[in-house]
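1. sequence and predicted structure below; questions after.
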Amino acid sequence: MKQSWSDLRAEALSSPEARESYDATRIRFELGSAVRERREALGMTQAQLAQAAGLRQPAVARFEAGGTMPTLPLLERLAEALGPRLQVGFETLDRAG
């Protein structure tokens, strides 16, 4: 019998190590997407954001692609360069992505 994608995914994520890796990847992707969307809404290039945040353009590209897990100081620098105040908080599990 052929397994569905959701069954395969559930089976693959059944180990704690796989779930932890998946969650870390999801967080990196969501943070990178949020920065990219804000940057594009402001009409900024990656190079302009990098300069405003004191980074290099390849670092911004890696971050936006979900390739790196940022530190809070890095997120603060990006937020300052993009305008909004960085807000860090906790959500109940029924609301978390």
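-> In hand now; what should we look at?

2. any idea how far the biggest helix by length in the chain is from the chain center?
-> The helix that spans the most residues within the chain, counting by DSSP state H, is helix 16-41. Relative to the chain's own centre, helix 16-41 is displaced by 3 Å; criterion: Cα atoms, centre = their mean, to the nearest Å.

3. and for stretch 49-64?
-> Centre-to-centre, stretch 49-64 and its host chain are 14 Å apart (Cα atoms, centre = their mean).

4. okay, buried residues for stretch 43-58 please.
-> Across stretch 43-58, burial judged by 16 or more other Cβ atoms under 10 Å covers 44, 46, 49-50, 52-53, 55. The way it works is simple: take the backbone N, C-alpha and C, and place the C-beta from them, glycine included.

5. now, which of the residues you listed sits nearest Arg9?
-> Gln46 (31.8 Å; Cβ to Cβ).

6. enumerate every residue touching the closest one.
-> The contact partners of Gln46, by Cβ atoms under 8 Å, 6 or more residues apart in numbering, come to 39, 57, 60-61, 64.

7. only the buried members of those: can you turn that into a ChimeraX selection?
-> Per 16+ other Cβ under 10 Å, the buried members of the contacts of Gln46 correspond to this ChimeraX selection:
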select :39,60,61,64
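
8. now, the contacts of Gln46 that are in helices?
-> Residues of the contacts of Gln46 located in helices (DSSP H): 39, 57, 60-61, 64.

9. let me have those residues in CSV, extended by distance to Ala18.
-> Shown next, in CSV, are those (distance: Cβ to Cβ, whole Å):
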residue, distance to Ala18
Arg39, 32
Gln57, 33
Val60, 29
Ala61, 27
Glu64, 25
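
10. and the residue nearest in space to the middle of the chain, what is it in contact with?
-> Centroid-nearest residue in the chain, with Cα atoms, centre = their mean: Leu31, separated by 2.4 Å. Under the criterion of Cβ under 8 Å, 6+ apart, the neighbours of Leu31 are 63, 66, 70, 75.

11. okay, and which of those residues map to helices?
-> Those of the contacts of Leu31 lying in helices (DSSP H): 63, 75.

12. can you list contacts of stretch 84-91?
-> 38, 72, 75-76, 79.
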